[in-house]
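# Provided below are the primary sequence and the corresponding predicted coordinates.
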Amino acid sequence: MRRKMDLTIIYMAITYASELTLLSIGFTLTYLTAKIPNFAHGTYAGFGIYVSYTFAKFFGINPYLGFPVAFIVGGILSVIVFKLVISTLTKMGSGSIVLTIATLAIQIFLGALLNIYAYVFIIFFKQYATAFLLKEFDFKIGEVSGIFFVSIGISIATVIALHTLLTKTKMGIAMRATAEDTELASVLGININTVQLFSWFLTGGLACLAGAMIPFWLQSSPTTGSGIITSIMAGSLLGGFESVYGAIIGGFTIGLSEILLTLGGQMLLGNWFGEYRPLIPMIFLITVLLIEPRGIQGFYERFQKRRGSKPTKEPEKKKEDEK
Amino acid sequence: MYSNIALGILSSLPMAIEGTSRLIVDIAMFFGLLVIVAMALNFQYGNAGIPNMGCAVQVIIGAFSVSAIVLRVMFTVVAASGVPLQDWTNDYNWVYGSPANVGLTNAFIKANAPIAIGFFLLSVGTALLLGAVIGYLLALPAIRLRATYLMIVLITMADASQIIGRNVVPISGGTLGVWIPNVFAWYPGDIGVITAVITLMIGLISFFIFRTMLNSPYGRLMRSMRENEVTLGSVGKNVVGIRRNILMFASGITAIAGVMNVYYLQFSNESGYQRAYWTYWPWLMLILGGPGNNAGTFLGAALIIALRRIIIVFKFQIQQYFFFPISYLEDIILGGLLVLVMIFRPNGLIPEKLLYIPGVNYTKMVNEDVKVDWRAAPKARAKKGAKPEEKKEEKK
């Protein structure tokens, strides 16, 4: 009996980790294109949660069918945010601090909108929409709930698709070029506006898709989405903030360790440890900043340097030039 | 405003105040509290360019220092002078014995005013010290890195401090909270009035401290750091050290706001220190008023507090038009106003003005590239002997 319970928690941990991977990838992509941490990223996931809710409880359709809708809703939301606020402020020449505060303001605004949306259901349709779980809409394979397979499948598919996009397609290469140097990319004939719109659509869509998977296993409320933001930032920071591949590893690590460390702490120290679950990503965040602010990417580059491959040659050349 | 406060003080003397006067005292109290926070924020962000998103942590440290340290000192002193207090050493008694103990302590304070003033000074000192320590600790992980990293760390710390306060009972009584003795119980009139007046006085004192610092060479150093860190580093200034000192100093001042809040409510609990309230509203005040000058901060704080109090006072009339709780309306106003001000009024309602440095015509210097004999400037200052005034020319 006990072993079974443990397995369920491990499935849940992996589900959470794969959702967090999607969110961290989106957060990192935003950071790459706009050079700001988007605090509203978790709230996009909140919108995904309510797309699932609307499908399941209001229309009575299986919420799995709502995933494409969630993707599009999140994308459109993200594009609206970009067009109305971020793009306008960037054109005015605002610095990164002002832009970051703007994303915080957007987070508050969108969070309030979500709460109001939940109250629409409460007042007009007499449905209790501020805390819900959609477990009964989930299917089961054996004794494992379907969301485990779906979330893992979606995140692996996303990673592969993203890798193909970034390395094989023209749009992906344009995205990478824009992330490296916006002005230089525009000189080379890349339409910056389209690239930025596309990447904001992608990030919002991925966040909303990840959010749509949350209510299958976790009791959700309008604040669930914005509560995740610390874990997302920790995942992205562990990955190095500027590397999509790092974010994949970072998001998965944070998601897994957040649940498994809480479980381990509860078993070793007692149930009181569960209260401190939100502290785990924060501890990760601060530890990473203290040890290696560039996260896994920084470690990887150091490792590469020690092995004496490509990155070491460039400084040597520079030294020769100086002489 | 001052006439209202005077009116409040006068009316408080004969009897406990109520109705409109209570509202005025309440507004004055929260104006005082938030203006301290917003001024410290202006000091950090408006003048030194440090995006401090952790005002809530600094305020909560002030509140916790009263409930965790000063309260125990009070109990010890009161018990030593012969008042039969209940046991407060374990967690259970700490929380459940708190009303009885606090009642006895209040009676003791009523009889011994000097000791009460000592307690108050002790709590302010503790808050300053602990605020500075927490400013140093907050600065530790990210002060060397990009500003956005610092913002992330400070925002997460605001949540972390609340979680710790909720679960570690000896700090602040956990979820139930602890009662706080009123150190102004010796005052014959209304207690809210004296707390509000003292808060406003602390606000005034910190205003003068900040003003003096900003007009001093250190203030110019801060402004130059805001404009360009690399240049400042290249002329041999320790940018990280300056930034850390500013954060520590402002943390200490902000923590006093937490102390005054606790004494006003006479109750300490973590749930009152959400980052939305203690971080985002001060930021809105700062950005609405105009970062970089204290006049703007005062105007922003007055406007925002008036707006919020209007919403709270006319809650039931406004509620008729909305189907959802109007606390979400407040959130929408907060978020929307912040973005709108940033887009349409990036410099705030009162834009920053050039500092007046005696003996230096700054505008002429900028326009015509005049060489300034900097050694002559102090002499000119001595000749004029006037207070530094702000010039009216706007910054280009």
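Yep, it's here. Residues are numbered from 1 along each chain as shown, chains lettered A, B, ... in the order given.

# in the stretch 1-150 of chain B, what residue comes closest to chain A?
Closest contact between the stretch 1-150 of chain B and chain A, by CB to the nearest CB, is at B:Pro141 (4.1 Å). In this view, the C-beta of every residue, glycine as well, is placed from N, C-alpha and C.

# that residue: which element?
Assessed by DSSP states H and E, B:Pro141 sits inside helix B:113-142.

# following that helix, which helix or strand comes up?
Next along the chain after helix B:113-142, taking DSSP H and E as the criterion, comes helix B:147-167.

# go through stretch A:168-186 and flag the buried ones.
A:171-172, A:174-179, A:182, A:185 (16 or more other CB atoms under 10 Å in any protein chain shown).

# which of the residues you listed sits closest to chain B?
A:Ala179 (15.9 Å).

# distance of the closest residue to chain A within the stretch 251-396 of chain B relative to A:Ile108?
The minimum distance from the stretch 251-396 of chain B to chain A, using CB to the nearest CB, falls at B:Gly335 (3.1 Å). Applying CB to CB, to the nearest Å, the value for B:Gly335 to A:Ile108 is 4 Å.

# one more: A:Ile86?
For A:Ile86, the distance to A:Ile108 - CB to CB - is 16 Å.

# next: A:Ile173.
36 Å.

# near A:Ser257, how many other residues are there?
Look at A:Ser257: counted by other CB atoms under 10 Å in any protein chain shown, it has 19 neighbours.

# for it, report the pLDDT, please.
pLDDT recorded at A:Ser257 is 91.

# what residues does whichever strand or helix holds A:Phe303 touch?
Using DSSP H and E, A:Phe303 sits within helix A:295-307. If you take CB atoms under 8 Å, 6 or more residues apart in numbering or on different chains as the criterion, helix A:295-307 is touched by A:237-243, A:246, A:249-250, A:288, A:292, A:294, A:310-312.

# try it again at 6 Å.
A:237-240, A:243, A:246, A:249, A:288, A:292, A:311-312 (CB atoms under 6 Å, 6 or more residues apart in numbering or on different chains).

# measure A:Ile108 to chain B for me?
Going from A:Ile108 to chain B by CB to the nearest CB, to the nearest Å gives 4 Å.

# that residue: what's it in contact with?
Residues in contact with A:Ile108, defined by CB under 6 Å, 6+ apart, are B:331, B:334-335.

# returning to that earlier point: among the buried residues of stretch A:168-186, which ones are in helices?
Residues from those lying in helices, with DSSP state H as the criterion: A:171-172, A:174-179, A:182, A:185.

# so which bits of the helix holding A:Phe303 are buried?
A:295-298, A:300.

# quick one: mean pLDDT over that helix.
Rounded mean pLDDT across helix A:295-307 is 84.

# centre of the chain to that helix, how far?
Computed by CA atoms, centre = their mean, to the nearest Å, the chain-centroid distance of helix A:295-307 equals 24 Å.

# on the pLDDT front, check B:Tyr92 for me.
On pLDDT, B:Tyr92 comes in at 85.

# helix, strand or coil for B:Val83?
Here B:Val83 is recorded as coil under DSSP: H, G, I helix; E, B strand; the rest coil.

# does it touch B:Phe108 like I think?
Yes. Counting by CB atoms under 6 Å, B:Val83 touches B:Phe108, with 5.4 Å between them.

# out of those two, which sits in the busier spot?
B:Phe108 (21 against 15).

# hang on, the earlier thing: which SSE is the residue of the stretch 251-396 of chain B closest to chain A in?
Going by DSSP H and E, B:Gly335 is in helix B:326-344.

# so what's the residue of the stretch 51-200 of chain A found nearest chain B closest to, chain neighbours aside?
Chain B sits closest to A:Phe109 of the stretch 51-200 of chain A, with a gap of 3.1 Å, by CB to the nearest CB. Once flanking residues are discounted, A:Phe109 sits nearest to B:Gly335: 3.1 Å by CB to CB, 6 or more residues apart in numbering or on different chains.

# correct me, but that neighbour touches A:Thr103?
No. Contact criterion CB under 6 Å: B:Gly335 and A:Thr103 do not qualify, at 10.4 Å.

# so which of these two has more stuff around it?
A direct count of neighbours by other CB under 10 Å for B:Gly335 and A:Thr103 places B:Gly335 higher, at 24 against 21.

# right, and A:Ala207 touches A:Gly26 too?
Yes. Assessed by CB under 6 Å, A:Ala207 is found in contact with A:Gly26 at 4.7 Å.

# tell me how far the longest helix seen in chain A lies from the chain's centre.
Counting by DSSP H, the longest helix found in chain A is helix A:2-34. Centroid displacement of helix A:2-34 relative to its chain, using CA atoms, centre = their mean, is 9 Å.
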